[in-house]
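> predicted model, plus sequence, below.
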Amino acid sequence: KTRMVHVLHEGELSEVIDYLGQKTPNIRIIPNGIDVPEINSKFYKTVNQVLFLSRLHQKKGLDLLLPAFKQVLDIVPDAQLIIAGPDFGMLGFVQDYIKNNELEKSINYVGTVDGQAKIDLLLNSKVFVLPSYSEGFSIAVLEALVYQLPVVVSTETGLSNEIKEYEAGKVIALN
């Protein structure tokens, strides 16, 4: 007999209830956590830098992000998209898109980052974006929020309800 079912957010709770066919008293929402750094809220960002910080995987929505960012450049020509994270099969797609659309000056893939390099990206960016097709509870989104970045996430991101509720960014449809 199961004593407790651990879920990360309301979306997962709904999925478990749908799967079980009923709500049971032994389901608990316990979100992941992170260490909260001290941040100088007066840090001034001078570049229109958008940050995608996640593994480069088909489910992370890079196929949506890249064409959308190309449209952003029509409105904000000096915008920069930084793509950071390890390749999980999408790097070739990203590199081809950048080359085929002549976006080498506007989109930069920096690979896997951690430590101070990751902190610097979070501090220097103006917006964090993750248009994921499926996201349980994104530590990257949580970190972006801790670094006081507005976020743009899909409706399929585990924190999307809280982002809407606290007006911490935009929750977008997958289109």
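Yep, it's here. For clarity, every value in this text was computed on a predicted model and none was experimentally measured.
> so what's the residue nearest the centre of the chain up against?
Centroid-nearest residue in the chain: residue 130, 3.0 Å away (criterion: C-alpha atoms, centre = their mean). By C-beta atoms under 8 Å, 6 or more residues apart in numbering, the contact list for residue 130 reads 52-54, 60-61, 138, 140-141, 151-154, 157. Backbone N, C-alpha and C define where each C-beta goes, glycine included.
> any chance of the residues you listed in TSV, plus distance to residue 106?
TSV is the format used below for the contacts of residue 130 (distance: C-beta to C-beta, whole Å):
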residue	distance to residue 106
52	13
53	18
54	19
60	19
61	18
138	25
140	22
141	23
151	20
152	17
153	22
154	22
157	25
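> which two from the residues you listed end up farthest apart in space?
Using C-beta to C-beta, those reach their maximum pairwise distance at 53 and 154, which is 15.1 Å.
> from residue 89, how far out is residue 14?
Distance, residue 14 to residue 89, by C-beta to C-beta, to the nearest Å: 29 Å.
> can you check residue 154 too?
19 Å.
> likewise for residue 109?
Taking C-beta to C-beta, one finds residue 109 at 14 Å from residue 89.
> the two: who's more crowded?
residue 109 (16 against 10; other C-beta atoms under 10 Å).
> now for that one: which residues touch it?
Residue 109 neighbours (C-beta under 8 Å, 6+ apart): 83, 84, 91, 94, 95, 98.
> which strand residues bridge the first one?
Spelled out, that is residue 83. Following DSSP bridges, residue 83 is listed with bridge partners residue 52, residue 109.
> in this protein, where is pLDDT below threshold?
33-44 (pLDDT under 70).
> the strands in it, which residues?
For the chain, the strands defined by DSSP state E occupy 5-7, 27-29, 49-53, 80-84, 107-111, 127-130, 151-154, 169-172.
> could I get these as TSV with distance to residue 120?
Output for those, formatted as TSV (distance: least, C-beta to C-beta, whole Å):
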stretch	distance to residue 120
strand 5-7	34
strand 27-29	33
strand 49-53	11
strand 80-84	10
strand 107-111	10
strand 127-130	14
strand 151-154	18
strand 169-172	21
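> may I ask you to name the longest helix in this protein?
helix 62-75 (DSSP state H).
> before we move on, back to that, between the contacts of residue 109, which is nearest residue 115?
Closest approach to residue 115 among those (C-beta to C-beta): residue 84, at 12.4 Å.
> can you tell me which residues contact the closest one?
Counting by C-beta under 8 Å, 6+ apart, residue 84 has contacts 51, 52, 53, 109, 110, 111, 112, 113, 118, 121.
> wait, doesn't the first one sit right on residue 82?
Spelled out, that is residue 51. Yes - contact criterion C-beta atoms under 8 Å: residue 51 and residue 82 qualify, at 5.2 Å.
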